[in-house]
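Peer 1: pasting a predicted model and its sequence here:
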Amino acid sequence: MTPSADDDGDRSPAGGAADLDGLVAGVGARVRALRSQRGLTLSELADATGLSASMVSTVERGRTAPSLGTLARLAQGLGVSVASLFAAAPGEGSPVLRAADQIVDTTPGGLVRRLAVFQPDNDVEVYVDEYPPGTSHAARPSQHPGQEYGVLLEGSLEVELGDEVHLVEEGDAVHYEAKQAHLIRNTGGTPARAVWVNVRRL
């Protein structure tokens, strides 16, 4: 991830360093987002990749430029391509992050999830979730710090909170403490679409 000799010769050394710092920070932010999305601890991701927990933490905090081998291990452990680890951010001077630049992946439960907003400094994640029939947000109930807020745009979902199951239909909103075991699933015959917000999970 070191700039090559073929880089634009008009770029100043300071600008190149700033670009590299931004790239490293973006990779770290994306690794952290994907790990958090999958409900993995640092130790669990470290075990899955063969890296140390301290190395994973250092990458997530943007303190080191990971080698291609490290990126490959992280991508494999997270179940994504290496290319998907390079985070996009709104263009300079723009508050807009284009849909084409947002993280899209599929969870182990079959949910197709797009990370529309990721602001670790503000502890906020906003997802646009697509649930094909028979899918769920995870393979099993998950628990983590923070609060979750959801608004169902289309279809219906079951939200399992501990021993209780709540039916959420189009236009309904739901909120719960994420430390409570929860599982969100589409048991119907039509797709469901929702916006989900995680606060203070990271």
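Peer 2: In hand now; what should we look at?

Peer 1: where in the chain is the helix or strand with the lowest mean pLDDT?
Peer 2: The least trusted helix or strand in the chain, going by mean pLDDT, DSSP states H and E, turns out to be helix 13-37, with a mean of 72.

Peer 1: and the angle from the following helix or strand past that helix to helix 13-37?
Peer 2: Downstream of helix 13-37, the first helix or strand assigned by DSSP states H and E is helix 42-49. Angle between the axes of helix 42-49 and helix 13-37 is 100 degrees (criterion: axes from the mean of the first three to the mean of the last three C-alpha atoms, to 10 degrees).

Peer 1: tell me where this structure has helices.
Peer 2: In the chain, the segments counted as helices under DSSP state H are 13-37, 42-49, 53-60, 68-78.

Peer 1: what sits up against the third one?
Peer 2: Counting contacts by C-beta atoms under 8 Å, 6 or more residues apart in numbering, the residues outside helix 53-60 that touch it are 27-29, 31-32, 35, 42-43, 45-46, 49, 64, 66, 70, 74. For the C-beta atoms, the positions are set from N, CA and C on the backbone; glycine is no exception.

Peer 1: give the buried residues for it.
Peer 2: 55, 56, 57, 59, 60 (16 or more other C-beta atoms under 10 Å).

Peer 1: before we move on, what about the second one?
Peer 2: Of the residues in helix 42-49, those scored as buried under the neighbour-count criterion (16+ other C-beta under 10 Å) are 42, 45, 46, 48, 49.

Peer 1: now for that helix, which elements pack on it?
Peer 2: Counting contacts by 3 or more C-beta pairs under 8 Å, 6 or more residues apart in numbering; DSSP states H and E, helix 42-49 packs against helix 53-60, helix 68-78.

Peer 1: still on that earlier bit, so which of the helices of the chain comes closest to residue 182?
Peer 2: helix 13-37 (14.1 Å; C-beta to C-beta).

Peer 1: follow-up on the earlier one: which of the contacts of helix 53-60 lies closest to residue 112?
Peer 2: Among the contacts of helix 53-60, residue 35 lies closest to residue 112 (C-beta to C-beta), at 18.6 Å.

Peer 1: how many residues are close by that closest one?
Peer 2: Residue 35 has 21 neighbouring residues, counting by other C-beta atoms under 10 Å.

Peer 1: okay then, goodbye and thanks.
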